[in-house]
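Participant: Fold the following for me, if possible:
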Amino acid sequence: MAQPHASTGRGGRSYANPVHDGYLADPFVWKHRDVYYAIGTGGGTAGDLAQGTPTQKPDVDVDGDRVFPVLRSDDFVHWTSVHQAMVRPDHRLGSEFWAPSVAEAHGCFYLYYSVGPGHQLRVATSVRPEGPYRDTGTPMMAPGTMPFAIDTHPFRDDDGTWYLFYARDFADEVDGCRAGTALVVDRMIGMTRLAGEERVVLRARHDWQLFRAKRPMYGKIWDWHTLEGPCVVKHDGRYYCIYSGACFGNDSYGVDYAVADSVLGPYSDAGGEAGPRILRTIPGKVIGPGHNSLVVGPDGITEYLAYHAWDPAMTARRMHLDRLEWTTDGPRCTPTWTSQTVGE
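Facilitator: Residues are numbered from 1 along each chain as shown. Predicted coordinates:
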């Protein structure tokens, strides 16, 4: 479905959020040979939002047995549905396919994703950015290594080393950390395997990061907190892990960051105690913005966050694009819903 809100004028191309009418959560956007691609989680539902227990329908195209919707744009403002990116792997792995991300290396495209209900990390490959991608047949970590892992983000450091940031569960409370889903990083070996040298990037410590109070998890009742959707960028010599926190199914969800001098940390989110500093809900306009990626616009300079947000009626999560600004207080982004001009 083409995006109906884009136009071209004397001041440059313009668009209004959301940039596409289709359901696309957890958007990962990248550019290849002057074409922009977006991939994400599809086929979701709000579930029981009032009770803070959202659910996620399987992201499966039953007609073609493919998963993960793909959008394409030649100009950054008009986005068109292409197809589903990945051939569904062995059905015994599960029917929930979440939060894909893509890296290009060695003339190949690697699609990282989680599949559940158990949710473990896997990778698929293709010679084309839009796919079709096919699972490699091997998990990125040994089965049973951890009970739940989602939300991959591949990052290539200046020396060429690749790292995978992702989110996983922690069923403990230590040193002021809250029980819940949190952020880690591991070095990659050959783009398809983790080195097994996982390090904690950030765990929840603040009240605003609550996903659900008194949640039954791992045989106990926890006030479960959530950090997820990591996106890492290097700016002025420092590493910024931009992440989403709280509950994706309501207006508590937002985007904050942690910063480090090394890709492996230690990371600090000092200053984020009171709430998300980059993106947060604007009542009646943008609900629960989060799970972003970062992409440079057509001018080759301006950085944009691609993120999802609920429409005001909370019927679907759709992709939004807004400028990322680097301020003396750190990265900031203002959600928009009116016409925005894109420089060339």
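
Participant: report the longest strand in the chain, please.
Facilitator: Longest strand of the chain, by residue count under DSSP state E: strand 220-235.

Participant: end-to-end on stretch 288-308?
Facilitator: 8 Å (CA to CA, to the nearest Å).

Participant: Show me which residues of that stretch are buried.
Facilitator: Residues of stretch 288-308 classed as buried by neighbour count (16 or more other CB atoms under 10 Å): 288-295, 297-298, 303-308. Every C-beta, even on glycine, is put in place using the N, C-alpha and C of the backbone.

Participant: Verify the contact between G42 and H20 for me.
Facilitator: No: the pair G42 / H20 is not scored as a contact, 11.5 Å apart, by CB atoms under 8 Å.

Participant: Between those two, point out the one with more neighbours.
Facilitator: Shown here are G42 and H20; by other CB atoms under 10 Å, H20 has more neighbours (27 against 24).

Participant: Look up which helix or strand the more buried one falls in, please.
Facilitator: Assigned by DSSP states H and E, H20 belongs to no helix or strand.

Participant: Mind picking the two most distant members of the buried residues of stretch 288-308?
Facilitator: For these, the maximum inter-member distance is 28.1 Å, found between G288 and P298 (CB to CB).

Participant: about what we covered before: restricting to C-alpha, output the longest strand of the chain in CSV.
Facilitator: In CSV, the C-alpha atoms belonging to strand 220-235 read as follows (Å, rounded to 0.1, in the frame of the first residue of the first chain):
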residue,chain,number,x,y,z
LYS,A,220,7.6,-16.2,40.9
ILE,A,221,5.7,-13.0,40.9
TRP,A,222,7.7,-10.0,39.8
ASP,A,223,7.3,-6.3,39.2
TRP,A,224,8.6,-6.9,35.7
HIS,A,225,10.6,-4.1,34.0
THR,A,226,11.5,-4.0,30.3
LEU,A,227,14.4,-2.6,28.3
GLU,A,228,14.3,-3.7,24.6
GLY,A,229,14.8,-2.7,21.0
PRO,A,230,18.5,-1.6,21.2
CYS,A,231,19.9,0.5,18.4
VAL,A,232,23.6,1.5,18.6
VAL,A,233,25.4,4.4,16.9
LYS,A,234,28.8,5.9,17.4
HIS,A,235,28.8,9.7,17.7
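
Participant: In its sheet, which strands sit next to that strand, and in what direction?
Facilitator: strand 180-189 (parallel), strand 210-217 (antiparallel), strand 238-245 (antiparallel) (DSSP bridges).
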